[in-house]
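Enquirer: 3D, please:
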Amino acid sequence: MAQALRMKSGTIDWLTRAEAATVGLAASAARHDAHDSFVADSFDLLKREGFLKAHVPAEFGGGDASYAELCGMVRRLAAGCGSTALAYAMHSHLVAVALWRWKNQGAPTDGLLKRVAAEDLVLISSGGSDWLKSAGEAVKVEGGFRITARKAFSSGAPAGDLLMTSAVHEDPAEGPTVLHFAVPFKAEGVRILDTWRVMGMRGTGSHDVELNSVFVPDAAISGRRPQGKWHPLFHAISMLAFPIIYSAYLGVAEGARDRALAFARRKGGDEGLLQVVGEMENAFAMARMSVDDMIRNAETGTPGPDATNRAMSGRTLAGQACIRTVEKAMEAAGGPAFYRELGLERAFRDVQAARFHPLQEKPQLRYSARLALGLDIDG
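Expert: Reported below is the predicted structural model:
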């Protein structure tokens, strides 16, 4: 397959490769959904096809996929299996942030990127459950810290190699300080808790991860920031992570739209159906335009309050439009959409998760309003 999917320039056509992989992902998506099981076979496929290192530069041994290509890959994969695409997006946004920081800030993240390429590492994020405040306790000991925490929404945890996470240290001089670090899943005191029994995105394996007095050496602390405050690192994460994550929801919506259109074409064009399909098309256009704008922001913007505002507004609009697209897809298909066989009810459940990533709608509205009014965004 690898040779067949190369373009004339000699570089990998990642979008075509993702399209081809979608067939395999779709074949097992319903089974994983029914059994609340992690999409392990799908992640094996992604690893074999080089997706885990696709966004790593070629000079580091990676696939040299552009940022826009990465988002497009996630979108295509999601049409086959939303859970696989979302878990992959969580790995991929960590790679994207590391690459951006190396390229634009000279950050020493090249070692991580080279390891991802050489070892096909799976990076797991706990950022959604931590966000600005973080969670867990970091106690200073000789040579490092002892971390005690429980990290929820750790998507892809059953396949994880490194947990990219944080905890709060009560610094005697600086006050509550969030420490960022990576912890190997094989480290002593790390345990995956089988907690992922949920409405949708059941195959992501987003279990809680328990850290029980895990030792993290001083040299492994990659960042420090005041607790609960916007920090340059989080402006970079906001700008870069959410277009990738919401590309997964766009793909889920697109897959539902395609199924609904195929089914509706067999029903004929009565006026009521035409209205519903038109509403679905408008919703999908809004979702696509919102994600496209988020991608442009990530490719051309500079991390800061304004870029974060654009990303977070896009995240709200894209999420709302993706949910509405799937709702209208079910309405267009009619009663058969209620049956699992058509795949629309799974898409309906999966897309609901778009509501829950930070910043959720109400905090996003507050952030945008404070910025527009010239108020302190940390207020």
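
Enquirer: now the helices for the stretch 201-350 of the chain?
Expert: In the stretch 201-350 of the chain, the helices defined using DSSP state H, counting those that start in this stretch lie at 232-265, 271-300, 305-333, 344-351.

Enquirer: Is it possible to get a markdown table of those helices that adds distance to residue 192?
Expert: C-beta: built from backbone N, CA, C; applies to glycine. Below are the helices of the stretch 201-350 of the chain laid out as a markdown table (distance: least, Cβ to Cβ, whole Å):
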| stretch | distance to residue 192 |
| --- | --- |
| helix 232-265 | 22 |
| helix 271-300 | 31 |
| helix 305-333 | 28 |
| helix 344-351 | 22 |
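
Enquirer: Determine which of these approaches residue 31 most closely.
Expert: Residue 31 sits nearest to helix 344-351 of all these, at 11.3 Å, using Cβ to Cβ.

Enquirer: Convert the closest one to CSV, retaining C-alpha atoms only.
Expert: Extracted in CSV, the C-alpha atoms of helix 344-351 (Å, rounded to 0.1, in the frame of the first residue of the first chain):
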residue,chain,number,x,y,z
LEU,A,344,-26.6,7.4,12.1
GLU,A,345,-27.5,6.8,15.7
ARG,A,346,-23.8,6.1,16.5
ALA,A,347,-22.8,9.3,14.7
PHE,A,348,-25.5,11.2,16.8
ARG,A,349,-24.0,9.8,20.0
ASP,A,350,-20.4,10.4,19.0
VAL,A,351,-20.9,14.0,17.9
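
Enquirer: re the thing from before, just put the helices of the stretch 201-350 of the chain in a markdown table and tack on mean neighbour count and distance to residue 196.
Expert: A markdown table is the format used below for the helices of the stretch 201-350 of the chain (neighbours: other Cβ atoms under 10 Å; distance: least, Cβ to Cβ, whole Å):
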| stretch | mean neighbour count | distance to residue 196 |
| --- | --- | --- |
| helix 232-265 | 25 | 17 |
| helix 271-300 | 18 | 26 |
| helix 305-333 | 23 | 21 |
| helix 344-351 | 24 | 14 |
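
Enquirer: Which one of the ones you listed lies nearest to residue 139?
Expert: The nearest among the helices of the stretch 201-350 of the chain, by Cβ to Cβ, is helix 232-265 at 22.7 Å.

Enquirer: export the helices of the stretch 201-350 of the chain to JSON lines and tack on distance to residue 214 and mean pLDDT?
Expert: Shown next, in JSON lines, are the helices of the stretch 201-350 of the chain (distance: least, Cβ to Cβ, whole Å; pLDDT from 0 to 100):
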{"stretch": "helix 232-265", "distance to residue 214": "22", "mean pLDDT": "96"}
{"stretch": "helix 271-300", "distance to residue 214": "32", "mean pLDDT": "97"}
{"stretch": "helix 305-333", "distance to residue 214": "31", "mean pLDDT": "98"}
{"stretch": "helix 344-351", "distance to residue 214": "32", "mean pLDDT": "98"}
